[in-house]
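Colleague: sequence unknown, structure follows:
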């Protein structure tokens, strides 16, 4: 099995987002981030075989990135995987 890990594309500014009282889990990609991910995913599509599955964390920016990657890679729909949440490892620690 081969595993390809993709970090989410550029998202909105974390400090500005939280200064407005917004939940970081809902922070979306920027327009430039979406453009850059489309370009990167199109490049990946020429380099890697079509994936059998594509998982994403529940973060909005990760889901948006995964949808763009799935489209370019010809993958099945991106599936949300709760275990990929960055907060999962922090459960019980005040998060």
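Modeller: Alright, I've got the coordinates. Model, not experiment: these values are computed from the prediction.

Colleague: which stretches of this protein have low pLDDT?
Modeller: For the chain, the stretches flagged by pLDDT under 70 are 88-95.

Colleague: tell me the centre residue of it?
Modeller: The chain has residue 62 as the residue nearest its centroid, 1.9 Å off, counting by CA atoms, centre = their mean.

Colleague: in this structure it contacts residue 9, no?
Modeller: No - with contacts counted by CB atoms under 8 Å, residue 62 stays clear of residue 9, the gap being 9.3 Å. Any C-beta I mention is one placed from the backbone N, CA and C, and that applies to glycine too.

Colleague: now do the shared contacts for those two.
Modeller: Overlap between the contact sets of residue 62 and residue 9, as judged by CB atoms under 8 Å, 6 or more residues apart in numbering, is nil.

Colleague: thinking again about what came up before, please tell me how far the residue nearest to the centre of the chain sits from residue 31.
Modeller: Residue 62 sits 17 Å away from residue 31, going by CB to CB, to the nearest Å.
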